[in-house]
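Q: Coordinates only, no sequence provided:
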């Protein structure tokens, strides 16, 4: 992969973490998580091997599902509370759905079955990024 493209993707990974950590609005937190996901997909698939493509596809599907659950949770919370503030998580369905989505994104049990398969399809450096840096925003 071109070093310039790789450096842009790494900067986007850092920017996604910063946006997510600094946000007080549900939409900005989601944007940071999505920026992080979209930056890691080309890094996962940079080796032209079927295992790398499979790992990138599995990672994308799981992360997209978890992101849609986060959006749905934030919409339910905004419907009941009238605000998009992250600190106003008071209604019962929203925190439960958010917990499920974050468990999917982090690879926590019982939603951890995707993580070993993604790790097996990547090289050591990429697996290290997925196992550490990608876990910071959620």
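A: Received, thanks. Note that the structure is a prediction, hence the values are computed from the model and not measured. Numbers count the residues shown, from 1 in each chain.

Q: Under the pLDDT cut-off, which ranges of this protein? List them.
A: Of all residues in the chain, none has pLDDT under 70.

Q: wait, is residue 91 part of a helix?
A: No - Residue 91 is assigned coil when assessed by DSSP: H, G, I helix; E, B strand; the rest coil, not a helix.

Q: From residue 61, how far off is it?
A: When distances are taken as CB to CB, to the nearest Å, residue 91 and residue 61 turn out to be 28 Å apart. All C-beta atoms are positioned from the backbone trio N, CA, C, and that covers glycine.

Q: And the two? Which one has more around it.
A: residue 91 (15 against 11; other CB atoms under 10 Å).

Q: Give me the contact list for stretch 63-74.
A: Taking contacts as CB atoms under 8 Å, 6 or more residues apart in numbering, the residues outside stretch 63-74 that touch it are 26-27, 29-30, 33-34, 37, 84, 93-95, 97-98, 100-102, 104-105.

Q: cool, and stretch 78-86?
A: With contact meaning CB under 8 Å, 6+ apart, stretch 78-86 is reached by 23, 24, 25, 26, 27, 29, 74, 88, 90, 91, 94.

Q: ranges for the helices of the chain?
A: Secondary structure of the chain, counting by DSSP state H: helices at 3-22, 26-44, 50-81, 93-106, 114-120, 124-131.

Q: Please identify the most buried of these.
A: Among these, ranked by average contacts under mean count of other CB atoms under 10 Å, first place goes to helix 26-44 (a mean of 19).

Q: And that helix, what does it pack against?
A: For helix 26-44, the elements it packs on are helix 3-22, helix 50-81, helix 124-131, judged by 3 or more CB pairs under 8 Å, 6 or more residues apart in numbering; DSSP states H and E.

Q: now the angle from the first one to helix 124-131?
A: Angular relation of helix 3-22 and helix 124-131 on a 0 to 180 degree scale: 20 degrees, by axes from the mean of the first three to the mean of the last three CA atoms, to 10 degrees.

Q: and if you look at the longest one?
A: With the same axes, to 10 degrees applied, the angle from helix 50-81 to helix 124-131 works out at 20 degrees.

Q: what angle sits between helix 50-81 and helix 26-44?
A: Counting by the same axes, to 10 degrees, helix 50-81 lies at 180 degrees to helix 26-44.
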